[in-house]
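# Task: produce atomic coordinates for the following.
(2 chains)
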Protein chains: 2
Amino acid sequence: MTLIVHKYGGTSLGTAERIQAVAERVIETKKQGHQVVVVVSAMSGETNRLLSLAESVTKTPSPRELDVLLSTGEQVTIALLTMALKEKKCDAVSYTGGQVCIQTDSAHSKARITNIEVERVQKELQQGKVVVVAGFQGVDEHGNITTLGRGGSDTTAVAMATALNAKECRIYTDVDGVYTADPRIVKNAQRLSSLTYEEMLEMASLGSKVLQTRAVEFAGKYNINLRVLSSFEEGPGTLITKEDEIMEAALISGIAHNSDEAKLTVIGVPDKPGIASHILNPIAEANIEVDMIVQNVGLNNSTDFTFTVHRNDYGKAMLILKKTAKDINATDVIGDNKIVKISVVGVGMRSHAGVASTIFKALADKKINIKMISTSEIKVSVVIDEKYLESGVRTLHMAFGLGTE
Amino acid sequence: MTLIVHKYGGTSLGTAERIQAVAERVIETKKQGHQVVVVVSAMSGETNRLLSLAESVTKTPSPRELDVLLSTGEQVTIALLTMALKEKKCDAVSYTGGQVCIQTDSAHSKARITNIEVERVQKELQQGKVVVVAGFQGVDEHGNITTLGRGGSDTTAVAMATALNAKECRIYTDVDGVYTADPRIVKNAQRLSSLTYEEMLEMASLGSKVLQTRAVEFAGKYNINLRVLSSFEEGPGTLITKEDEIMEAALISGIAHNSDEAKLTVIGVPDKPGIASHILNPIAEANIEVDMIVQNVGLNNSTDFTFTVHRNDYGKAMLILKKTAKDINATDVIGDNKIVKISVVGVGMRSHAGVASTIFKALADKKINIKMISTSEIKVSVVIDEKYLESGVRTLHMAFGLGTE
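Numbers count the residues shown, from 1 in each chain, chains lettered A, B, ... in the order given. Sure, this is the predicted structure:
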């Protein structure tokens, strides 16, 4: 008998009717002859309700106590879903993270899973029960309640699938799969039937916010088949798996974009060893995440150093850089917070040069100016003016034959 | 260093402001040089909110899952109160029932505490921390979450006080102590400075709903000093302790009443051995609790058998009795659901006869007819027509010199 892990987010569990619908879906999978473990998030709105309770008491809640508070959200959902399953004559039992037990380190609010004890869960499954597990939460070695951070329920689901050697981990969301581009921008974007972990990582971190990055990494590390499906309609969804499971890898899987970028450039930086860390250290110390980094070779032993940050961090980064620029005798600091990043992603990408030249030609034809370029193993990203976001995504989607418009 | 246990109910923790006030009170006790353990209930309204969530999913929730659901209520409160304490620079740490661990049997929704492991809590106390414990909940030997039933937080507080050998267990409520009678009925009712466990049991079970009966029994069994105080105003409250701690036991401590009674009488019951169980078994099987039982010796080998039940159970009990009456060849069944019970309570009560005659005379002077009488070691109860409830309580309060009116 094979085991399937289901995972449902807060929107899928937001009302009594939706909880009933989830129960029906679980029972359907059970009837197909599978064992089922269900991982659930808090009902939509619940986490925010609890956060505002905490805020009414203190502006700086103790991280340990915040985890005690927030973990009640999923505990409510496991109880309700299990009641609904039993009401429908499907034997089921709920488990909190601590009861499983999902062992984590002690980093409250961003704990990492270190071990999962599966004996009790396996016993329940063998007795024919559906096991409903609270996502997002665990316990550290001292029995303190921890949480894995927002979206951590995906990680719980993948970790349970790994520990229990599940056949598939199905992540039910409000979209019916991963698309070749954002369907709100590209009307004829296609649902991908499958893609690799690496591609999904690039897609996810670039703005296709379907799955938690950590969950995809975890699944890739242990080769767990992940499937993204809709909670609200039937369909095969998108399978995320390892490369050799995919019959015919496409050259390009999709076009991702990120519209919250800003870029900063330090001009006339004396070209000395260690200068990059001089510039980036104060940024890192201020907890600002840096995305793309480009250094142009310049004239006269000086260079221009450019990087991108989240748009919210633009002002803070600019202040820090101006001080750094003085310290290192750079000429000036300039910036632009009206930019977006578009990325072309695909494990089938054999030659960056070929992909890059297709990108350049396609964007040039539309008179879209490229401000930065960066490449990784399976993607090529370009930064352009934000006003070209939609036409840029559509142009590249068509240029790589992912759909016509 | 002595340890004091505080217990706060839902009303005392109903808003952020009230949680702050509780934190201040705890800090005050700490400043007086005591170690403090705080036991809390769910915020007022929370348990009902959770129950209605369950009800939206099923009319017959699984008892195990209902406990998983309801126990989140106190978990929210321990987190919030601990945050509030830490905000005020008082080091504190929260514990769920499972974390303590408060071991119970597996009777979901009405579990009984079997053991408490105090090592971790003691360690935290020794480090100078206030320990905030979730009331009402525990875990069974398999780690399943259990609850102690409504009002079980009082029991948790007394059990923690016992396990930790506390000097005193302070139950903070919305009244400032136990009174010689209900102050809403008797304007000059007096706050008792102390009374015995036995008296409190009679007072509590007879309608002075200040403390859970189980908690008082528990405290009596282990000689824990219990004190009932107001959450909202300063004052010494009422100490509940063993008899020899009380300097001068009064003859009568107070007048309790219960206004939700109904009585049923089976008339003309053939006086044979075992007839009482014949009558009461079907009542017990229907989960109807019987309070007073009186059997009058009758003529012609027949007897009248009368007992009281909660008014809500009157109709159901009547139906059952009518069937029973036929089976045992009784003459008839009559009943009255417009009755109340008034009890005179006191460990100093040496002679029932003396107390009873005072009662009879006082009530007779007011032309109040007594319908039933029953006595225990430390109380005499009478059943009267409900229209005489207030004048009955006031009359007896004055007759036993508890206050003048």
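
# wait, what's in contact with A:Gly268?
A:Gly298, A:Ser302, A:Asp304, A:Ala330, A:Thr331, A:Asp332 (Cβ atoms under 8 Å, 6 or more residues apart in numbering or on different chains). In this view, the C-beta of every residue, glycine as well, is placed from N, C-alpha and C.

# just checking, next helix/strand downstream of the helix or strand encompassing A:Thr162?
Using DSSP states H and E, A:Thr162 maps to helix A:152-163. Downstream of helix A:152-163, the next assigned helix or strand under DSSP H and E is strand A:168-173.

# for that next one, packing partners?
Counting contacts by 3 or more Cβ pairs under 8 Å, 6 or more residues apart in numbering or on different chains; DSSP states H and E, strand A:168-173 is packed against strand A:3-8, helix A:152-163, strand A:226-230.

# Report the angle between the last one and strand A:3-8.
When you say that, I think you mean strand A:226-230. Strand A:226-230 runs at 50 degrees relative to strand A:3-8, counting by axes from the mean of the first three to the mean of the last three Cα atoms, to 10 degrees.

# Adjacent strands (with direction) for strand A:226-230?
When sheet partners are counted by DSSP bridges, strand A:226-230 sits next to strand A:168-173 (parallel), strand A:238-241 (antiparallel).

# Neighbours of A:Leu251, how many?
Using other Cβ atoms under 10 Å in any protein chain shown, A:Leu251 has 17 other residues around it.

# now swap in A:Met200 and tell me
Other residues lying near A:Met200 total 30 when counted by other Cβ under 10 Å.

# try the one 10 residues further on
Per other Cβ under 10 Å, the neighbour tally for A:Val210 reads 19.

# again, but for the one 5 residues further on
The tally of other residues near A:Ala215 (other Cβ under 10 Å) stands at 28.

# Apart from its chain neighbours, what residue comes closest to it?
Of all residues not flanking A:Ala215 in the chain, A:Asp154 sits nearest, at 3.6 Å (Cβ to Cβ, 6 or more residues apart in numbering or on different chains).

# In contact with that neighbour, which residues?
A:Asp154 is in contact with A:Lys7, A:Gly135, A:Ile171, A:Leu211, A:Gln212, A:Arg214, A:Ala215, counting by Cβ under 8 Å, 6+ apart.

# Help me confirm that the fifth one comes into contact with A:Met200.
No - between A:Gln212 and A:Met200 there is no contact under Cβ atoms under 8 Å: 10.7 Å.

# Now do the SS call for the closest residue to A:Thr238 other than its chain neighbours.
Leaving aside its chain neighbours, A:Thr238 sits nearest to A:Gly177 (3.7 Å; criterion: Cβ to Cβ, 6+ apart). Three-state assignment for A:Gly177 (DSSP: H, G, I helix; E, B strand; the rest coil): coil.

# pLDDT value on the residue nearest to A:Ala215, please?
For A:Asp154, the pLDDT comes out at 94.

# Quick check: it vs chain B, distance?
Distance, A:Asp154 to chain B, by Cβ to the nearest Cβ, to the nearest Å: 22 Å.

# ditto for A:Val333
Per Cβ to the nearest Cβ, A:Val333 is found 40 Å from chain B.

# how about that residue, what does it touch?
A:Leu264, A:Thr265, A:Val266, A:Ile267, A:Met318, A:Leu321, A:Lys322, A:Ala325.

# which pair in those spans the largest distance?
Using Cβ to Cβ, those span at most 13.4 Å, a distance reached by A:Ile267 and A:Met318.

# ok, back up a step: out of the contacts of A:Gly268, who has the most neighbours?
Of those, A:Ala330 is surrounded by the most neighbours, 24 neighbours in total, counting by other Cβ under 10 Å.

# ok, that one touching A:Asp271?
No - assessed by Cβ under 8 Å, A:Ala330 is found out of contact with A:Asp271, at 10.9 Å.

# And for the residue of the stretch 101-250 of chain A found nearest chain B, the neighbour number?
Nearest to chain B, among the residues of the stretch 101-250 of chain A, is A:Gly143, at 5.7 Å (Cβ to the nearest Cβ). Residues near A:Gly143, counting by other Cβ under 10 Å, number 14.

# so A:Ile283 makes contact with A:Met318?
No - look at A:Ile283 against A:Met318 with Cβ under 8 Å: they stay out of range, at 10.5 Å.

# Which residue of those two possesses the greater neighbour count?
In this view A:Ile283 and A:Met318 are compared by other Cβ under 10 Å, and A:Ile283 has more residues nearby, 20 against 16.

# Could you check which helix or strand contains that one?
In the assignment (DSSP H and E), A:Ile283 maps to helix A:275-285.

# mind listing what A:Gln75 touches?
By Cβ under 8 Å, 6+ apart, the contact list for A:Gln75 reads A:Thr96, A:Ala134, B:Val68, B:Leu69, B:Ser71, B:Thr72, B:Gln75.

# Report the secondary structure state of it.
Reduced to three states by three-state DSSP, A:Gln75 is helix.

# What are the buried residues along the strand ranked longest in chain A?
Identified as the longest strand of chain A according to DSSP state E is strand A:254-270. Using 16 or more other Cβ atoms under 10 Å in any protein chain shown as the test for burial, strand A:254-270 gives A:254-269.

# that older thread, JSON lines please, covering the strands paired with strand A:226-230 and showing mean pLDDT.
Below are these laid out as JSON lines (pLDDT from 0 to 100):
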{"stretch": "strand A:168-173", "mean pLDDT": "95"}
{"stretch": "strand A:238-241", "mean pLDDT": "94"}
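
# Adding distance to A:Ile384, write those out as JSON lines.
What follows is those, written out as JSON lines (distance: least, Cβ to Cβ, whole Å):
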{"stretch": "strand A:168-173", "distance to A:Ile384": "29"}
{"stretch": "strand A:238-241", "distance to A:Ile384": "27"}
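
# between those strands, which one is nearest to B:Gly346?
Evaluated over the strands paired with strand A:226-230, closeness to B:Gly346 peaks at strand A:168-173, with 65.0 Å, by Cβ to Cβ.

# Give the next helix or strand downstream of that closest one.
The first helix or strand that comes after strand A:168-173 along the chain, using DSSP H and E, is strand A:194-196.

# That following strand - contacts with which helices or strands?
With contacts defined as 3+ Cβ pairs under 8 Å, 6+ apart, strand A:194-196 has these neighbours: strand A:238-241.

# Measure how far the strand it packs on is from the centre of its chain, please.
In this view, strand A:238-241 has its centroid 14 Å away from the chain centroid, taken as Cα atoms, centre = their mean, to the nearest Å.

# for stretch A:237-245, same thing?
17 Å.

# circling back: please enumerate residues in contact with the helix holding A:Ile283?
Residues outside helix A:275-285 that contact it (Cβ under 8 Å, 6+ apart): A:266, A:269, A:290, A:293, A:295, A:303, A:305, A:307, A:309, A:317, A:320-321, A:323-324, A:327-328.

# Tell me the residues of chain A that contact chain B?
Those residues of chain A that sit near chain B, judged by Cβ under 8 Å from any Cβ of the partner chain, are A:16, A:19-20, A:50, A:53-54, A:56-58, A:60-62, A:64-66, A:68-69, A:71-72, A:75-76, A:78-80, A:82-84, A:86-87, A:93-94, A:96, A:98-99, A:143-145.

# what's the spacing between A:Ile339 and A:Ala262?
Applying Cβ to Cβ, to the nearest Å, the value for A:Ile339 to A:Ala262 is 7 Å.

# and if you look at A:Ala84?
For A:Ala84, the distance to A:Ala262 - Cβ to Cβ - is 46 Å.

# Likewise for A:Ser253?
27 Å.
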